[in-house]
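S.K.: one predicted model, sequence on top.
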Amino acid sequence: GAVVSQHPSRVICKSGTSVKIECRSLDFQATTMFWYRQFPKQSLMLMATSNEGSKATYEQGVEKDKFLINHASLTLSTLTVTSAHPEDSSFYICSARPGLAGGRVSTDTQYFGPGTRLTVL
Amino acid sequence: AQTVTQSQPEMSVQEAETVTLSCTYDTSESNYYLFWYKQPPSRQMILVIRQEAYKQQNATENRFSVNFQKAAKSFSLKISDSQLGDTAMYFCAFTLFNTGNQFYFGTGTSLTVIP
């Protein structure tokens, strides 16, 4: 249990284009999903928290107009990097928090997707 | 403010030996959960072990166990019988009880298991 998928796993795009990354909880409903950015050999940096059906809460310093987050259902959240630039190149990871406990799934735990490597040329 | 400190940026251990990764944290709250996550070269974050702060008994998952010292705010991870597949970055994290589940992560310890 507690599988989270992320698509695409790798994307290369031209500067100025927009890129959408999907995060899905496959075997549980996610009350809350989180988006992180990770630079090489560093820890995870929280970008935003999203709850199903409501606007995302962004961390200080994260541009909400540049990183659009939509949590349209209990199993899907999307991150759209708008007008991407080379400095947006990074590894983006999503995680999901279950709304209900069950089996080996705990509501206090975040389960992570495999990440998306974004390269902006 | 909530903080997590991992003071060992890199460690190595001989295959089949035991290694302990340290983690300290700071919070004024009394109800929280603690975690160790593993991030292998694939970069998939994998939950290794979880501990509720209100439980005195240390959590154990197969070869992984923790030494949780609440008064000292210490949460170390012991890996027994180290295997090559344990080579990864290890992150300590905690979250406060019933606060939306924001995680506070340490800076990570890069563990290399030497054959």
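M.R.: That came through, no problem.
S.K.: quick check: closest non-adjacent residue to the closest residue to chain A within chain B.
M.R.: Across chain B, the shortest distance to chain A (CB to the nearest CB) belongs to residue B:45, at 3.6 Å. C-betas here are computed from N, CA, C, even on glycine. Leaving aside its chain neighbours, residue B:45 sits nearest to residue A:112 (3.6 Å; criterion: CB to CB, 6 or more residues apart in numbering or on different chains).
S.K.: mind listing what that neighbour touches?
M.R.: Residues near residue A:112 by CB atoms under 8 Å, 6 or more residues apart in numbering or on different chains: A:4, A:93, A:94, A:95, B:37, B:44, B:45, B:46.
S.K.: looking at the residues you listed, which are in strands?
M.R.: The members of the contacts of residue A:112 that map onto strands under DSSP state E are A:4, A:93, A:94, A:95, B:37, B:46.
S.K.: hey, what's the fourth one bridged with?
M.R.: According to DSSP bridges, the residues that bridge with residue A:95 are residue A:34, residue A:112.
S.K.: thinking again about what came up before, buried subset of the contacts of residue A:112?
M.R.: The neighbour-count test (16 or more other CB atoms under 10 Å in any protein chain shown) marks A:4, A:93, A:94, A:95, B:37, B:44, B:45 as buried among the contacts of residue A:112.
S.K.: any stretches of chain B with poor pLDDT?
M.R.: B:98-101 (pLDDT under 70).
S.K.: okay, which residue is most central for it?
M.R.: residue B:36 (3.2 Å; CA atoms, centre = their mean).
S.K.: I'd guessed that residue sits against residue B:79; true?
M.R.: No - counting by CB atoms under 8 Å, residue B:79 is not a contact partner of residue B:36; they are 9.7 Å apart.
S.K.: pull out the buried positions in stretch B:49-64.
M.R.: B:49, B:50, B:51, B:52, B:53, B:59, B:64.
S.K.: if anything else comes up later, I'll come back, but that's it for now.
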